[in-house]
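Visitor: Model the following, please.
(4 chains)
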4 protein chains.
Amino acid sequence: MWVFCNVKVRDCWAATSVTLRRCLKLGATMAKSKFEYVRNFEADDTCLAHCWVVVRLDGRNFHRFAEKHNFAKPNDSRALHLMTKCAQTVMKELEDIVIAYGQSDEYSFVFKRKSNWFKRRASKFMTHVASQFASSYVFYWRDYFEDQPLLYPPGFDGRVIVYPSNQTLKDYLSWRQADCHINNLYNTVFWALVQQSGLTPVQAQERLQGTLAADKNEILFSEFNINYNNEPLMYRKGTVLIWQKVGEVTTKEVKLPAEMEGKKMEMTRTRTKPVPLHCDIIGDAFWKEHPEILDEDS
Amino acid sequence: MWVFCNVKVRDCWAATSVTLRRCLKLGATMAKSKFEYVRNFEADDTCLAHCWVVVRLDGRNFHRFAEKHNFAKPNDSRALHLMTKCAQTVMKELEDIVIAYGQSDEYSFVFKRKSNWFKRRASKFMTHVASQFASSYVFYWRDYFEDQPLLYPPGFDGRVIVYPSNQTLKDYLSWRQADCHINNLYNTVFWALVQQSGLTPVQAQERLQGTLAADKNEILFSEFNINYNNEPLMYRKGTVLIWQKVGEVTTKEVKLPAEMEGKKMEMTRTRTKPVPLHCDIIGDAFWKEHPEILDEDS
Amino acid sequence: MWVFCNVKVRDCWAATSVTLRRCLKLGATMAKSKFEYVRNFEADDTCLAHCWVVVRLDGRNFHRFAEKHNFAKPNDSRALHLMTKCAQTVMKELEDIVIAYGQSDEYSFVFKRKSNWFKRRASKFMTHVASQFASSYVFYWRDYFEDQPLLYPPGFDGRVIVYPSNQTLKDYLSWRQADCHINNLYNTVFWALVQQSGLTPVQAQERLQGTLAADKNEILFSEFNINYNNEPLMYRKGTVLIWQKVGEVTTKEVKLPAEMEGKKMEMTRTRTKPVPLHCDIIGDAFWKEHPEILDEDS
Amino acid sequence: MWVFCNVKVRDCWAATSVTLRRCLKLGATMAKSKFEYVRNFEADDTCLAHCWVVVRLDGRNFHRFAEKHNFAKPNDSRALHLMTKCAQTVMKELEDIVIAYGQSDEYSFVFKRKSNWFKRRASKFMTHVASQFASSYVFYWRDYFEDQPLLYPPGFDGRVIVYPSNQTLKDYLSWRQADCHINNLYNTVFWALVQQSGLTPVQAQERLQGTLAADKNEILFSEFNINYNNEPLMYRKGTVLIWQKVGEVTTKEVKLPAEMEGKKMEMTRTRTKPVPLHCDIIGDAFWKEHPEILDEDS
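Guide: Okay, here's the model as predicted:
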């Protein structure tokens, strides 16, 4: 404990044990303030004002994670629904998220332009999202993978990207959805070749090398009788989460005037919830239908 | 799908459905590259080279979390051990962490000076730590809180701080340990007054207002017969995690020369593990005993 | 020179002086690469893409500078014109500046949204502006202060601010012009009280304490017969620099067909120059008149 | 002016011109505060605490500048001395610079580890240096280039680099001095070949392609009878500026006791000045001789 003492303790010599302890403990208090200069090393990481703040999470080593947990190929709907459940939890627990978009093992969250949550510190945005998402993933695992025990706790990495205009934000989300489309089309053919035609992964990869989207559609159609456009929307478009009003009938006891004593009042309470959609967000239609998402004053 | 098309599709008029699909899909591929400019908005957040990188996590709303899960006051050893289990998992799963220090609902992780993990990107450091810690918290909960179900998935916030010298790093860790000391002393007296003397929290707070460390020691000693220095070290000092060699005797079958056929070879394999200590890290003794922690060339 | 040598120089023993020198010099070359790791410490300071980049300069200790060089109070038109000359030089020498605004000892320069000059590095923007402005200040001094020698080289400080939208950029410029208005009104009254009514600076300051703009107008009008609105626009509004076409008749000898030999050709060449205006930029009128300034695609 | 008015001006209807003006001007004051939110867009650019802060300036287009002003090749001692004069001015005018190093058209300035000048804002460091250097360059030009008029005001670019340790700082300075050595050796041979052997620049370049330092020394010695080691130190080593005590005998009249009336007192005043050296700073000798430069507590 003496190490704390950075003040001269002249009068401790003949001190009683009480006074001595006082000297020592005083030192401890001093010590903390002596070390507090280390706070100055923290850098300011405020996100530029009036800009959209996007946090994107990616699963860490999810290739291995999917193997170990026997995920269905090319899409495991349990895994995708679990991802969406986690994203909904993030939207409900944190503040100011206006839209989220997820596909495969990634999810993007968009904080509103004028959010002042934690003074717009990038580190707060991304670590809150990453930790809430990750703890939810384990917490809700059993609801989606009943017979499949979780073998180890997964990790996610995150990043913050700042977009100054509605157009750049929409282009960001379009980029992710275009990525979903391209990867899913590829994976759908790849796994058809492997699972149904018995090709090895290497053979399947070689077969697809250099093919265009249309070639892949053609292979699916002619060889596997699959019309890619009839594949589930969730696989082809990913998942968009937006806040929507959900009417709920709640029975609640309210203090009523004397003459109505003993009666209950039935109330319809409207709540908003993060609702999943599997629609195109690259075209204008979606944004025209939901103008409130980008409306700066909302 | 047409929205993707940003190329003139002149020859599609009389095209067969196959060719038409090809045109459309080609558009999709084009589209992704059209959106890829949004990657330029990502800022570089490289941590200054040759500096210690510290990630500190703090539980989000852990006051409420502790209430809801009936944490013992002033310290819940189950909760502290769970925190340490999560920190050990983080150290094992991630790379280049040389020491960690935890107390209460916080944990600090120190990456080695010359780490080049994920090119020293601050966002990678902090989101990997935050997500791995949070998923581990839920994953290992049952091992520490057998009868106490986890009610909801907790969140953590994180930050990165960069320290240019051994001295500033040691001062950072000293700051956190001095904080542990001051808070724990306060909480120990506070809860003794509430739990044993029957004061209300407000009364206890008033009683302690303006008291020095020595006064608090005196109250503990004279009123509750508690010698603070005999309180558990884990409560008073927090938990330090460092890599230590752990000898393990492993019996392993090895291919042996013909004349030794049928025999087994017993091997002692040495592994390193993140081992918890509850010692002072403010004084020099700890650092002299473990010079490898700060040794730049390790 | 030996210090350079970080390679084993085995064969130098019996070497002639030539070979020896070769070894030594080889060491020197090696050495540079050995030190080049220090480049990694340079941080990336790219300005967010698609945003307006503003560099604002302020004179360093210009209160003292004005005293030493006998600047007229409250406005020295020579000094203001020199500032504008320097700003014009900056606009001509550097790239992508679309508008500049100056008042008193400050000047703001706006780089176009999609500028990629020096990869949008903040340090390049601000140091180029600061150094070009400062060297021009000394270079052109004599053109504005004929009888007044420059006593010492002045300094300026600079900063970069990034604005994500047209509205925020216009509000920035409005802020500077509102600042010009408020300061100039104050200074006009202050110096009238000092120069014409013989008040001391302290007395003038006390007289003005708590007065509103209207009070100051009233003092000017009733005591000094000055209608503030008739004061020179340059003082009240500051100086806006925008690119405007300037027609110039140039006589230039061009190689002509043989039958026209000996004749000169007169050409009208149109050039653009940074032209000073002293107009309101807070209202919409200015921006409607000059839509090309904010037009993203220009 | 009405544009300013963002308050209801109810009572202006029947107002006298004075009251009306008051309303309007009040609006103006309001307006400024309405715009002040734009300050929030300024980013914090504090340099990491306890680190060496280096500002390096480079001449902008100095190849062209040297041509236009007939600089001697390979070194123009007037130009080098002018650079050093400017660097000395920077050191005297600004605060906390402990050492500077210059060569060719560049100069590096090192601010002390614990400097808190302008709260360690990178933009302040670099723009003050850049502007003071640039204005000094024009101001002192005539002292070094008597017959050679300055044709236009030169520009410089600057950057800030942060070094966490003495070793990295020394390696930075070594890097610049190694660069000086390599370039100067090359240029010395190159211009000897051009000026004395009559090679064209392209021929000289081809002759030197692939040669090592020793080869260049050999060419200088055998073809031009130049021993490179006898070339001026300023060219080979660049210029180091450090603060050194300079004794000065000053005669100053001091108020003396009555009995000594009429006598003068001779005082020796010691001042420190930035003194140029042309020595090796790569080896340890320099740093051992001047321990105060890196001494953290100075």
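Visitor: My guess is A:Asp171 contacts B:Arg39. True?
Guide: No: using Cβ atoms under 8 Å, A:Asp171 is not in contact with B:Arg39; the gap is 10.6 Å. To be clear about C-beta, it is placed using only N, CA and C from the backbone, and glycine gets the same treatment.
Visitor: So if I had to pick from these two, which one is more boxed in?
Guide: Higher neighbour count among A:Asp171 and B:Arg39: A:Asp171, with 19 against 11, using other Cβ atoms under 10 Å in any protein chain shown.
Visitor: ok now do the residue nearest to the spatial centre of chain A, which residues does it touch?
Guide: The centroid of chain A falls nearest to A:Ala87 when counting by Cα atoms, centre = their mean (4.6 Å). For A:Ala87, the contact set (Cβ atoms under 8 Å, 6 or more residues apart in numbering or on different chains) comprises A:Ala100, A:Gly102, A:Tyr107, A:Phe109, A:Phe133, A:Thr239, A:Leu241, A:Pro274.
Visitor: what helix or strand is it on?
Guide: helix A:77-93 (DSSP states H and E).
Visitor: and the residue in the stretch 151-298 of chain A that chain D sits nearest to, how many neighbours?
Guide: Of all residues in the stretch 151-298 of chain A, A:Pro164 sits closest to chain D, at 10.8 Å by Cβ to the nearest Cβ. Residues within reach of A:Pro164, counting by other Cβ under 10 Å, total 24.
Visitor: Not including adjacent chain positions, what is the nearest residue to it?
Guide: C:Pro164 (3.3 Å; Cβ to Cβ, 6 or more residues apart in numbering or on different chains).
Visitor: and what of A:Asn166?
Guide: Nearest residue to A:Asn166, sequence neighbours excluded (Cβ to Cβ, 6+ apart): A:Leu294, at 4.9 Å.
Visitor: Spit out the contact partners of the residue nearest to A:Pro164.
Guide: The neighbours of C:Pro164, taking Cβ under 8 Å, 6+ apart as the test, are A:Leu48, A:Ala49, A:His50, A:Cys51, A:Pro164, A:Ser165, C:Leu48, C:His50, C:Cys51, C:Trp52, D:Phe41.
Visitor: Helices - which of the residues you listed land there?
Guide: Per DSSP state H, helices hold no members of the contacts of C:Pro164.
Visitor: Where do the helices of the stretch 101-250 of chain A begin and end?
Guide: Remark: helices assigned in the stretch 101-250 of chain A by DSSP state H, counting those that start in this stretch are A:122-144, A:166-195, A:201-208, A:213-224, A:233-237.
Visitor: Mean pLDDT added to these, as a markdown table?
Guide: Below are these laid out as a markdown table (pLDDT from 0 to 100):
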| stretch | mean pLDDT |
| --- | --- |
| helix A:122-144 | 98 |
| helix A:166-195 | 98 |
| helix A:201-208 | 97 |
| helix A:213-224 | 97 |
| helix A:233-237 | 98 |
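Visitor: Packed most tightly, which of these would that be?
Guide: helix A:122-144 (a mean of 25; mean count of other Cβ atoms under 10 Å in any protein chain shown).
Visitor: Does that one pack against any helices or strands, and if so which?
Guide: strand A:52-59, helix A:77-93, strand A:106-111, strand A:156-163, helix B:122-144, strand B:156-163 (3 or more Cβ pairs under 8 Å, 6 or more residues apart in numbering or on different chains; DSSP states H and E).
Visitor: got the angle for it vs strand A:156-163?
Guide: Here helix A:122-144 runs at 130 degrees with respect to strand A:156-163, directions being taken by axes from the mean of the first three to the mean of the last three Cα atoms, to 10 degrees.
Visitor: For helix A:122-144, output the C-alpha coordinates as CSV.
Guide: Taking C-alpha atoms only, helix A:122-144 is exported to CSV below (Å, rounded to 0.1, in the frame of the first residue of the first chain):
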residue,chain,number,x,y,z
ALA,A,122,-17.6,6.0,-33.4
SER,A,123,-16.3,3.6,-30.7
LYS,A,124,-19.6,3.7,-28.8
PHE,A,125,-21.6,3.0,-31.9
MET,A,126,-19.7,0.0,-33.0
THR,A,127,-18.9,-1.7,-29.7
HIS,A,128,-22.5,-1.4,-28.5
VAL,A,129,-23.7,-2.9,-31.7
ALA,A,130,-21.1,-5.6,-31.8
SER,A,131,-21.5,-6.7,-28.2
GLN,A,132,-25.3,-6.6,-28.2
PHE,A,133,-25.4,-8.6,-31.4
ALA,A,134,-22.9,-11.2,-30.1
SER,A,135,-24.6,-11.7,-26.8
SER,A,136,-28.0,-12.0,-28.5
TYR,A,137,-26.6,-14.6,-30.9
VAL,A,138,-25.8,-17.0,-28.0
PHE,A,139,-28.9,-16.0,-26.0
TYR,A,140,-31.3,-16.8,-28.8
TRP,A,141,-29.4,-19.7,-30.4
ARG,A,142,-31.6,-22.3,-28.9
ASP,A,143,-34.8,-20.7,-30.3
TYR,A,144,-33.5,-21.4,-33.8
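Visitor: and that helix, how far from the chain's centre?
Guide: Helix A:122-144 sits 7 Å away from the centroid of its parent chain (Cα atoms, centre = their mean, to the nearest Å).
Visitor: cool, stretch A:179-189 as well?
Guide: Between the centre of stretch A:179-189 and the centre of its chain there are 22 Å (Cα atoms, centre = their mean).
Visitor: Check stretch A:145-159 too.
Guide: Relative to the chain's own centre, stretch A:145-159 is displaced by 14 Å; criterion: Cα atoms, centre = their mean.
Visitor: next one: stretch A:63-76
Guide: Relative to the centre of its chain, stretch A:63-76 is centred 20 Å away, using Cα atoms, centre = their mean.
Visitor: cool, and stretch A:42-51?
Guide: Taking Cα atoms, centre = their mean, one finds the center of stretch A:42-51 at 20 Å from the center of the full chain.
Visitor: Nice, that's everything, thank you.
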